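kindly generate the corresponding structure for this input.
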Amino acid sequence: MKKHQDEINETIMYLSRLLDKHTNIVDAQANALIFTIQVKDLYNPERVQRAIFEKIHRAIYGKLSSPDELNFTMFIAADVEGSRSGYIPDHVLHDPMMPHYHGILLFSKPDWEVIRENLSYWKGKIRSSIMDMREIKDDEIDQYGCFKSESVWIDLFDKKKCNDAKHQAPIGDYIQYAMKSHLQANRRSIYTYQPKVYPFDIYATDKDTSSASHLFDVLYGLQKKFQMNSSFSR
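Residues are numbered from 1 along each chain as shown. From the prediction side, this is the model:
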């Protein structure tokens, strides 16, 4: 029970950092893309995760991020094969055969309206910007030259696909799913899988940290009510 609650609380911590700078939290949770990126290895994940954020930022806005403006926020976490099974052996965490990243992008409502209007174009632009990184695994092509498996997959966030809801915010369920390798690795003092939230992890000031901490308290309160109501309805 304690482990379950610790995982919920850690998820809320990342969620508060992801949502904090958005002026409308409800809109932000509706204006989202999720992605999966297959990579060749998990060497230097902190550099790779930040590079993915900056690549996406430049693809959409034509420039790198800066501390004086917020265009979107991104959560990203590394994952390995078999993590859905509930237990990941140490040797897989240390040397995965299918390393990849899961993540979510949250946009402001005006930007989301532009992206949603021409979704296939923006998905393609984001995908192309990531694919030119040398760390990304090549797409698998069959003998006829058709895609067998894409290394970068991007789609709309669909809260209806969040089964067995643990969080009052469906995005919380996605975040906890995305960092399932981290939750196991961290308990064994393996820190390769530490999730990141951008631009928070680049530019956060003491004021930003305090603001995210306040939002954590708000979300934690909502979560406690959600869990109480869920237990009563069973």
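
relative to Ala165, how far out is Tyr43?
35 Å (C-beta to C-beta, to the nearest Å). All C-beta spots, glycine's among them, are computed from the backbone N, C-alpha and C.

ramachandran angles for Ser85?
Dihedral pair for Ser85: phi -70, psi -20, per degrees, to the nearest 10.

oh sorry, the question was meant for Leu70
phi -120, psi 120.

cool, and the one 10 residues further on?
Its backbone dihedrals place Val80 at phi -130, psi 170, with angles given as degrees, to the nearest 10.

how many residues are close by it?
By other C-beta atoms under 10 Å, the residues close to Val80 number 23.

check the one 3 residues further on too.
With neighbours defined by other C-beta under 10 Å, the count for Ser83 comes to 25.

now do the contacts for it.
180-181, 184 (C-beta atoms under 8 Å, 6 or more residues apart in numbering).

and the top helix by length along the chain, what's buried?
In the chain, taking DSSP state H as the definition, the longest helix is helix 206-232. By neighbour count on 16 or more other C-beta atoms under 10 Å, the buried set for helix 206-232 is 208, 211-212, 215-216, 219, 223, 226.

of the contacts of Ser83, which belong to helices?
When DSSP H is applied, the contacts of Ser83 are split such that 180-181, 184 fall in helices.

now do the strands in the chain.
32-38, 72-79, 100-107, 140-141, 147-149, 152-156, 196-198 (DSSP state E).

of all those strands, which lies closest to Arg127?
strand 152-156 (4.7 Å; C-beta to C-beta).

name every strand pairing with the closest one and say which way it goes.
Strand 152-156 has the following sheet partners, assigned by DSSP bridges: strand 32-38 (antiparallel).

pretty sure Leu18 sits against Tyr198.
No - the criterion here is C-beta atoms under 8 Å, and Leu18 misses it with Tyr198 at 9.2 Å.

okay, which residue is most central for this structure?
Taking C-alpha atoms, centre = their mean, the centroid of the chain lies closest to Gly103, which sits 2.6 Å from it.

can I get the buried residues of helix 206-232 in JSON lines including pLDDT and distance to Phe107?
JSON lines is the format used below for the buried residues of helix 206-232 (pLDDT from 0 to 100; distance: C-beta to C-beta, whole Å):
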{"residue": "Asp208", "pLDDT": "96", "distance to Phe107": "19"}
{"residue": "Ser211", "pLDDT": "97", "distance to Phe107": "20"}
{"residue": "Ala212", "pLDDT": "97", "distance to Phe107": "19"}
{"residue": "Leu215", "pLDDT": "96", "distance to Phe107": "18"}
{"residue": "Phe216", "pLDDT": "96", "distance to Phe107": "22"}
{"residue": "Leu219", "pLDDT": "95", "distance to Phe107": "20"}
{"residue": "Gln223", "pLDDT": "92", "distance to Phe107": "24"}
{"residue": "Phe226", "pLDDT": "87", "distance to Phe107": "25"}
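
many thanks, I have nothing further to ask.
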